[in-house]
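Engineer: Take this sequence and fold it.
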Amino acid sequence: MSDAAIEIVNAFVASPKKERFLTLLGTKKGRPKLRQTLAHFQDLDPRYAQRLGSDLRTTDAIVALLEQRGAPAICYLLSEDPDLDGCELPLEEAVERVHGRGMGTFISCIPGRLAYFESEGMGERYLLVRRT
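Structural biologist: I've put the predicted structure just below:
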């Protein structure tokens, strides 16, 4: 189980589902089940999720926003897409591979503090920020 994936769940998933998702992350068969939920994910903690408007609809704008918030060069992905899930990628590449692709994905920039989430739904893009 990845510490970065645990941090995503602990920081940004609403309490009623948090324990279930942590349990799924802890098993070989559970992680694929968790990944399947990301397409239509409705369990973000609203206290830490800011839906992005149409003014932030380009990859460059999203990367710039994350960099302004302190995103480092390399980020971790928890994704519905098996080719992206568990990868560590440069920030710009991660956003390029996720943005507009219709695959539910978390990009964890600063574990437990800064992430980006995009789901399958049109306009379902969120900046996730939690101050410690």
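Engineer: okay, CA-based contacts and neighbour counts for the rest of this
Structural biologist: Noted.
Engineer: What ranges does this protein have for its helices?
Structural biologist: Remark: helices assigned in the chain by DSSP state H are 3-12, 15-25, 30-37, 59-68, 91-98.
Engineer: State the pLDDT value of the residue nearest the centre of the chain.
Structural biologist: Nearest to the geometric centre of the chain sits Phe106, at 1.4 Å (CA atoms, centre = their mean). Note on Phe106: pLDDT of 98.
Engineer: Isn't it up against Phe117?
Structural biologist: Yes. At 4.5 Å, Phe106 counts as touching Phe117 under the criterion of CA atoms under 8 Å.
Engineer: thinking again about what came up before, redo the helices of the chain as TSV? Include mean neighbour count and distance to Arg113.
Structural biologist: As requested, those are exported to TSV (neighbours: other CA atoms under 10 Å; distance: least, CA to CA, whole Å):
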stretch	mean neighbour count	distance to Arg113
helix 3-12	20	7
helix 15-25	16	16
helix 30-37	17	21
helix 59-68	16	11
helix 91-98	19	15
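Engineer: Would you tell me which of those gets closest to Ile74?
Structural biologist: Comparison of the helices of the chain against Ile74 by CA to CA identifies helix 91-98 as nearest, at 5.5 Å.
Engineer: Distance from the closest one to the middle of the chain?
Structural biologist: Put simply, helix 91-98 sits 12 Å off its chain's centre (CA atoms, centre = their mean, to the nearest Å).
Engineer: OK, contacts around Leu127?
Structural biologist: Residues near Leu127 by CA atoms under 8 Å, 6 or more residues apart in numbering: 49-52, 114-117.
Engineer: Those in strands, which ones?
Structural biologist: 49-51, 114-117 (DSSP state E).
Engineer: With neighbour count added, can I get these in CSV?
Structural biologist: Formatted as CSV, the ones in strands among the contacts of Leu127 follow (neighbours: other CA atoms under 10 Å):
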residue, neighbour count
Ala49, 19
Gln50, 16
Arg51, 16
Leu114, 22
Ala115, 27
Tyr116, 25
Phe117, 28
